[in-house]
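[1] what's the 3D shape of this:
(one chain, ligands or ions: 1)
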Amino acid sequence: MKRAEKHARAALFWSRVHRAGAQACWLWLGSRLPTGYGKMSFRGKAYYAHRLAWEFSRGSAPGRLCVCHTCDNPQCVNPAHLFLGSPRDNLHDAKQKGRIQSGRDHWSHRMPSRVSRGSGKLMSATLAEAEVLSIRTLYAAGKTTHAKLAAMFSVTDRTIGKIVRGERWKHVGGLRTKHAALGRPPKVPKTWTSS
Ligand SMILES: [Zn+2]
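    Okay, the predicted model is just below:
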């Protein structure tokens with residue numbers, strides 16, 4: 001492929017991505033597969049959006065390797081949330097989808113000190129700012145619920161509600177959402193000012 005065409009493809013690709021912040025999930029705004037993964041077609045051939053994100057940000061295609069998500073959000077194309085794995089890693093990753101993450105790749109295994117041992121729930125006070133941003137981005141994109149997000153981030157439904165309404169963690173910013181925009185891409189974000 002010629003360099004000019006590659007640049008044109010990359011520009012078109014990034015124009016369909018909502019870049020919420022360096023550490024937040026970047027949501028693919030184009031069409032998606034039933035599994036939640038984004039897809040984009042060039043000259044009649046469809047590609048996974050997250051694989052294109054890897055290629056356009058790193059400059060080389062992942063080849064036969066799998067592009068996996070650290071955030072387990074199939075719609076996300078933030079290159080910072082993507083890593084290369086063998087097909088075996090990907091199978092392991094896929095097995096975890098659809099239930100609360102518990103595998104070795106889950107953040108609680110990487111940062112065990114952040115888990116409250118008493119209840120098994122993460123104490124909401126220890127949520128990282130990046131996680132708060134991700135919660136707001138995911139909720140604003142719709143197709144999720146307080147309960148699902150609560151399970152995903154190991155906090156209570158109540159905490160998720162407070163985060164998406166801005167009653168907590170206001171200083172972090174992100175998308176302010178009272179109601180999820182079901183099935184529609186997020187609008188231009190309203191950001192909070194620091195308090
Ligand atoms: Zn992500």
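[2] Report the contact partners of the residue lying closest to Asn78 once chain neighbours are set aside.
    Once flanking residues are discounted, Asn78 sits nearest to Trp26: 3.9 Å by C-beta to C-beta, 6 or more residues apart in numbering. The way it works is simple: take the backbone N, C-alpha and C, and place the C-beta from them, glycine included. For Trp26, the contact set (C-beta atoms under 8 Å, 6 or more residues apart in numbering) comprises 17-20, 53, 76-78, 81.
[3] Same list, those, but as a markdown table with secondary structure and neighbour count please.
    Shown next, in a markdown table, are those (DSSP: H, G, I helix; E, B strand; the rest coil; neighbours: other C-beta atoms under 10 Å):
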| residue | secondary structure | neighbour count |
| --- | --- | --- |
| Val17 | strand | 20 |
| His18 | strand | 21 |
| Arg19 | coil | 12 |
| Ala20 | coil | 25 |
| Ala53 | helix | 25 |
| Cys76 | strand | 30 |
| Val77 | coil | 34 |
| Asn78 | coil | 25 |
| His81 | helix | 21 |
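[4] out of those, who's near the ion?
    Contacts with the ion within those, as defined by C-beta under 5 Å from the ion: 76, 78, 81.
[5] Might you enumerate the residues of this protein proximal to the ion?
    So the chain meets the ion at 25, 71, 73, 76, 78, 81 (C-beta under 5 Å from the ion).
[6] which residue sits closest to Gly174 in space, ignoring its chain neighbours?
    Arg136 is the one closest to Gly174 (C-beta to C-beta, 6+ apart), at 3.7 Å.
[7] Oops, could you answer that again for Leu33 instead?
    Closest residue in space to Leu33, ignoring its immediate chain neighbours: Lys39 at 5.7 Å, by C-beta to C-beta, 6+ apart.
[8] before we move on, back to that, just the CA coordinates for the strand or helix carrying the residue nearest to Gly174, please, in CSV.
    Using DSSP states H and E, Arg136 sits in helix 129-140. Once non-C-alpha atoms are left out, helix 129-140 reads as follows in CSV (Å, rounded to 0.1, in the frame of the first residue of the first chain):
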residue,chain,number,x,y,z
GLU,A,129,-8.8,8.7,37.9
ALA,A,130,-8.4,6.8,34.6
GLU,A,131,-11.0,4.3,35.8
VAL,A,132,-13.4,7.1,36.7
LEU,A,133,-13.0,8.6,33.2
SER,A,134,-13.5,5.1,31.7
ILE,A,135,-16.7,4.6,33.7
ARG,A,136,-18.1,8.0,32.4
THR,A,137,-17.1,7.3,28.8
LEU,A,138,-18.6,3.8,28.8
TYR,A,139,-21.8,5.0,30.4
ALA,A,140,-22.1,7.9,28.0
